[in-house]
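In: fold the following for me, if possible:
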Amino acid sequence: MKRSGMTAGALLAMTLLLGGCAAEDSADPAAPTEAAQQDLLGAHGLDGMDGAEMIDHLDRLPVAERPTDLMAAVMTDHLVLTSAETEMQVELPEDSFYLSIAPYVEQTHDCYYHSLTTCLGELQNEPVDIRILDDDGETLVEEQRTTFDNGFVGVWVPSNTRGTIEVSYAGMTGTTEFTSTDAGATCITDLQLA
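Out: Prediction:
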């Protein structure tokens, strides 16, 4: 059973309100037809992809190649895709939760639901070591990654988990807590390195 009972329009409004990195609000689109949804996906090279693949594709795009006519917001259990004409939801894996992490040294922004097309972090294309532990001390992720061109690193963790994210970069380390519950943030921008 999916966790959200909100409408797509309400979720987009909340995304824009809480997103911090969300672009300006677009007009309230009418209920999209299947053809309109397919047109939206095709226009952005997303057709044939599931929600997790769409997130991976959009988060890895070079900033200069990001679509300016698409808002893509990662919610706790689905992805909201919005253009001027169409809005749609794409389900995400029920047992997984996407965390998009933007470690920083000096500059950050407030964010709650990650915008794959507008969020920018400070450390772009930089090598970082990531370690994510749940509250029981079990290691969920431990690897070296390179931040995407947008300054974020995306990782999937189990749903309904709480724990700690630790990132190291250039001799500096920072930690922050996370939760992958219904109320969890998908955009982690409070991890300062020192």
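
In: hang on, isn't Thr147 packed against Asp129?
Out: No. The criterion here is CB atoms under 8 Å, and Thr147 misses it with Asp129 at 11.6 Å. Where you see a C-beta, it was placed from the backbone N, CA and C, and this is true even at glycine.

In: more neighbours: which of those two?
Out: A direct count of neighbours by other CB atoms under 10 Å for Thr147 and Asp129 places Thr147 higher, at 23 against 13.

In: report the separation between that one and Val128.
Out: For Thr147, the distance to Val128 equals 6 Å [CB to CB, to the nearest Å].

In: quick check: neighbours shared by these two?
Out: Common neighbours of Thr147 and Val128, using CB atoms under 8 Å, 6 or more residues apart in numbering, are Pro103, Val153.

In: now do the helices in the chain.
Out: With DSSP state H, the ranges of helices along the chain come out as 8-19, 34-43, 51-60.

In: which one of the ones you listed has the lowest average pLDDT?
Out: Note on the helices of the chain: helix 8-19 shows the lowest mean pLDDT, a mean of 44.

In: let me see the contact set for the one residue sitting closest to the centre of the chain.
Out: For the chain, His114 is the residue whose C-alpha lies nearest the centre (CA atoms, centre = their mean; 3.5 Å). Contact partners of His114, counting by CB under 8 Å, 6+ apart, are Gly19, Cys21, Asp59, Ala73, Val74, Tyr98, Ser100, Phe152, Thr186, Cys187.

In: quick check: it vs Pro158, distance?
Out: 18 Å.

In: for Tyr112, same thing?
Out: For Tyr112, the distance to Pro158 - CB to CB - is 20 Å.

In: so which of these two has more stuff around it?
Out: Per other CB under 10 Å, whichever of Tyr112 and Pro158 has more neighbours is Tyr112, with 20 against 13.

In: my read: the more buried one touches Thr189, true?
Out: No. The pair Tyr112 / Thr189 is not scored as a contact, 9.1 Å apart, by CB under 8 Å.

In: pLDDT score assigned to the nearest residue to Gly174 once chain neighbours are set aside?
Out: Leaving aside its sequence neighbours, Gly174 sits nearest to Leu193 (CB to CB, 6 or more residues apart in numbering; 4.3 Å). Leu193 carries a pLDDT value of 98.
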